[in-house]
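>>> give me a model of this one.
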Amino acid sequence: MARDTGILADRAIAALFETGRLVSERDLDRDQIQPASLDLRLGAKAFRVRASFMPGPNSLVSDKLDRLKLHVVDLSEGAVLETGCVYIVPLMESLDLPANMSASANPKSSTGRLDIFTRVITDHAQEFDKIPVGYRGPLYLEISPRTFPIVARQGSRLSQIRFRIGNALLSEPELLHLHETETLVASSTPNVSGGGIALSIDLKGDANGLIGYRGKHHTAVVDVDKKAQHDVFDFWEPLYSRGRNELILDPDEFYILVSREAVHVPPLYAAEMTPFDPLVGEFRVHYAGFFDPGFGHEAAGGRGSRAVLEVRSHEVPFILEDSQIVGRLVYEHMLEAPQGLYGSGLGSNYQAQGLKLSKHFRG
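You can find the predicted model right below:
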């Protein structure tokens, strides 16, 4: 029986272009449509602005840019975006959503692992990364590199968008039942509350005791479009367990860590990690929160896939201990099964992963 609420799969996203509900300035990239999301591409110009802003119900983003922009950066041949600065970039894709369809955006996994803070903005927006039902108009991306300066260009893909009809979230009883039948996280005693299933941190490390990485300061630039271009040790300090299985997070330092549990997203579902839960501590986990159908799915080559966690403490030092809960996954129904699953012949970068930096770094 077909569902009438849920996340749109790849076939339906392609149909949005065919019917004019999605429009782009140029032809789509071959791999731009993912199993349950669409990668968004940067346009030709970036506007450096004095500060981040929310348009509000009575304003267009372009009106705010006229008042707040400091200068314009040409992205047509690539340009450096500096740490600590805020840029607004018109995106190539624009929307004309049906009256029953909304959308949400999130940084791509590689974007989060580089500590690039991004948020999608729409005209008349009152929330970041949320596109209301029936929205018609352009999309903009706020970009603020936090740890490394980056090179970006027209067509670079830093963010992704999901489309949904109605409320597709699984309730806690549904989540528990799905875990019992599909094993969503590798735990015999899952912690389900707040609408999500808990993930905890692994601070025991691998066979060599490696537990994570901390971003270095004053590095060279990272080209966001090039794979395996940079040496790990030029940008990252490896962190090792010293037998205590704990880690003190220094305020405003950036860490790459990994979940203790393997994660599974069955083909008829999509998942997202909640980025911040003040009940478990004053830190933010996982900027890039989308998990596509098939992540960790054995038939798609993903058995044992763990969640890589981008962690930043706020205000005060904070001690993380092994097996401590650091975030929750919420699951949503798909409207239909996607044609392709994450990792299944799609060239997905992070299927069957453990602790892993972004695709830009070589070992």
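>>> next up, the contacts around residue 328.
193-199, 273-274, 277 (C-beta atoms under 8 Å, 6 or more residues apart in numbering). For every residue, glycine as well, the C-beta is placed using N, CA and C.
>>> so it is in which element?
In this assignment (DSSP states H and E), residue 328 forms part of strand 325-333.
>>> quick one: distance of that strand to the chain centre.
Relative to its parent chain, strand 325-333 has a centroid offset of 13 Å by C-alpha atoms, centre = their mean, to the nearest Å.
>>> same thing with stretch 42-59?
Using C-alpha atoms, centre = their mean, the offset of stretch 42-59 from its chain centre is 20 Å.
>>> got the contact list for residue 331?
Taking C-beta under 8 Å, 6+ apart, we find residue 331 in contact with 169-170, 175, 178, 184, 197, 265, 269-271.
>>> and with 7 Å instead?
Residues in contact with residue 331 (C-beta atoms under 7 Å, 6 or more residues apart in numbering) are 170, 175, 178, 269, 271.
>>> the strand holding residue 328 - what's its average pLDDT?
Mean pLDDT, strand 325-333: 91.
>>> the helix or strand following that strand packs against which elements?
With elements assigned by DSSP H and E, the helix or strand that comes after strand 325-333 is strand 361-362. If you count contacts as 3 or more C-beta pairs under 7 Å, 6 or more residues apart in numbering; DSSP states H and E, strand 361-362 packs onto no helix or strand.
>>> pLDDT on the helix or strand hosting residue 104, on average?
Following DSSP H and E, one finds residue 104 within strand 101-107. Throughout strand 101-107, pLDDT has a mean value of 95.
>>> just how off-centre is the helix or strand following that strand within its chain?
As assigned by DSSP H and E, the chain's next helix or strand after strand 101-107 is helix 109-113. Between the centre of helix 109-113 and the centre of its chain there are 6 Å (C-alpha atoms, centre = their mean).
>>> okay, now residue 223: neighbour count?
17 (other C-beta atoms under 10 Å).
>>> tell me the bridge partners for it.
Taking DSSP bridges as the rule, residue 223 bridges to residue 151.
>>> so it makes contact with residue 229?
Yes: at 6.0 Å, residue 223 and residue 229 qualify as touching, with contact defined as C-beta atoms under 7 Å.
>>> can you tell me how far residue 172 sits from residue 185?
Separation of residue 172 from residue 185 (C-beta to C-beta, to the nearest Å) stands at 14 Å.
>>> which of those two has more neighbours?
residue 185 (22 against 13).
>>> tell me the pLDDT of the more buried one.
pLDDT at residue 185 comes out at 91.
>>> distance-wise, check it relative to residue 24.
The gap separating residue 185 from residue 24 is 36 Å, by C-beta to C-beta.
>>> what of residue 168?
25 Å.
>>> do residue 213 as well
35 Å.
>>> who has more neighbours, the two?
Per other C-beta under 10 Å, whichever of residue 213 and residue 24 has more neighbours is residue 213, with 22 against 16.
>>> and that one, what element?
strand 210-215.
>>> centre of the chain to that strand, how far?
Counting by C-alpha atoms, centre = their mean, strand 210-215 comes out at 19 Å from the chain centroid.
>>> for it, packing partners?
Strand 210-215 packs on strand 236-240, strand 254-262, going by 3+ C-beta pairs under 7 Å, 6+ apart.
>>> mind listing what's buried in that strand?
Residues of strand 210-215 classed as buried: 211-215 (neighbour count, 16 or more other C-beta atoms under 10 Å).
>>> also stretch 145-153?
Buried, per 16+ other C-beta under 10 Å, within stretch 145-153: 145, 147-153.
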